[in-house]
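> Okay, sequence plus prediction incoming.
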Amino acid sequence: MRRASPLALRLSVWAYSHLLRAYPASFRAEFGGEMALLFSDCCWDEWRSAGPAGVCRLRRLDAALTAEVLAVAAGLTLSTSWRTALGGATVRNVYAGIGGANGWLAADLAEHPDAEYPCTLAYWHHPRFSFSTGSGATSAVGPLWHLLYEARADVVLNGHSHNYQRWRPMDPDGDLDRVAGIREFVVGTGGRSHYALPSGAAPENLVSAQADAFGILRLTLKAEAYRWRWVSAAGQPAFDDASDHGVRCVRTSP
């Protein structure tokens, strides 16, 4: 039986659901329900796994989301990027859709060299590389890739393309780099629609892709390694893509 919700958690979820009203009606109609549900699920997951300590870890995320929504309401250009630690890895949310993302990331990487957390994951909406109809690669996020590559980051996680893609570790130009490359995942499979994969040969560095099943990518983050596994939603076609073992992070590799 689930324990009673703490007052602070209930208020946080309530406030976020109301702040979403600041978004345009068309945006709320498409994404509002999913955003509110995701925020609530994250709160409950942290509470179940870590109790009050988990709620404390959410404070930075809660503040960032609140600032983001209020900025939309006011018509401001505000960078709501943030950095936190999950499972021993450093996770950076880079809000690439509004101004200041490049500057924030450069400053944060310089200020936090992550000696304590050698694994680094960054995520934002538009992928640098994508093999998809409907919506695909976005060259405008190239500078983010250059900053992360120079900092020896490990994973970039994106959406936008409504399918699933896993790429080999690459440099910012899309060339294979098994030593210091960044592995990109595109996971646009939340249930809205599917964007078919283009006909013809796939790019050489695209390892795995599918556009038939909705589902999630389960990432297990450790201090010096990470694992992934695709999980299809109930009733969706089966698809197998998982790491056989923990992949060592770039900065911990010999």
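On my side now, so go ahead. Residues are numbered from 1 along each chain as shown.

> Name the residues that touch the host helix or strand of residue 144?
Assigned by DSSP states H and E, residue 144 falls within helix 142-150. For helix 142-150, contacts defined as C-beta atoms under 8 Å, 6 or more residues apart in numbering pick out 94, 96, 101-102, 105-106, 109, 120, 122, 124, 128, 156, 171-172, 180-182. Quick note: C-beta positions are derived from backbone N, CA and C, even for glycine.

> Going through those, which ones are buried?
94, 96, 101-102, 105-106, 109, 120, 122, 124, 128, 156, 172, 181-182 (16 or more other C-beta atoms under 10 Å).

> Pick out the most distant pair among those.
The most widely separated members of the buried ones among the contacts of helix 142-150 are 101 and 181, with 21.6 Å between them, by C-beta to C-beta.

> all strands of the stretch 101-250 of the chain, in order?
Assigned by DSSP state E, counting those that start in this stretch, the stretch 101-250 of the chain shows strands spanning 120-123, 155-158, 164-167, 183-187, 206-210, 215-221, 225-232, 247-248.

> Let's have those in TSV, adding distance to residue 148 and mean pLDDT.
Below are these laid out as TSV (distance: least, C-beta to C-beta, whole Å; pLDDT from 0 to 100):
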stretch	distance to residue 148	mean pLDDT
strand 120-123	6	88
strand 155-158	7	93
strand 164-167	14	97
strand 183-187	11	96
strand 206-210	20	97
strand 215-221	16	89
strand 225-232	15	91
strand 247-248	17	89
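
> Domains in this protein, by residue range?
1-77, 79-252 (automatic domain parsing).

> which one of these has the lowest average pLDDT?
Here the lowest mean pLDDT among those goes to domain 1-77, at a mean of 60.

> Spit out the contact partners of residue 246.
220, 222, 225-227.

> Only the buried subset of the residues you listed, as a ChimeraX command please.
In ChimeraX, this line selects whichever of these come out buried by 16+ other C-beta under 10 Å:
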select :225,226
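
> returning to what we had before: quick one: the strands of the stretch 101-250 of the chain as CSV, columns for distance to residue 11 too.
Formatted as CSV, the strands of the stretch 101-250 of the chain follow (distance: least, C-beta to C-beta, whole Å):
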stretch, distance to residue 11
strand 120-123, 27
strand 155-158, 29
strand 164-167, 36
strand 183-187, 30
strand 206-210, 40
strand 215-221, 28
strand 225-232, 31
strand 247-248, 39
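
> for those, which one sits closest to residue 138?
Going by C-beta to C-beta, the one of those nearest residue 138 is strand 155-158, 8.8 Å.

> which other residues reach the closest one?
With C-beta under 8 Å, 6+ apart, strand 155-158 has contacts from 120-128, 130, 145, 148, 182-188, 217, 219, 226.

> Now that we have the residues you listed, which of them are buried?
Among those, the ones that count as buried by 16+ other C-beta under 10 Å are 120-124, 126-128, 130, 145, 148, 182-188, 217, 219, 226.

> Skipping adjacent residues, who's closest to residue 203 in space?
residue 131 (5.7 Å; C-beta to C-beta, 6 or more residues apart in numbering).

> again, but for residue 165
The shortest distance from residue 165 to any non-neighbouring residue, by C-beta to C-beta, 6+ apart, is to residue 186 (4.0 Å).

> who's the one you found bridged to?
Beta-bridge pairing of residue 186 under DSSP bridges involves residue 158, residue 165.

> No further queries at this time; thank you.
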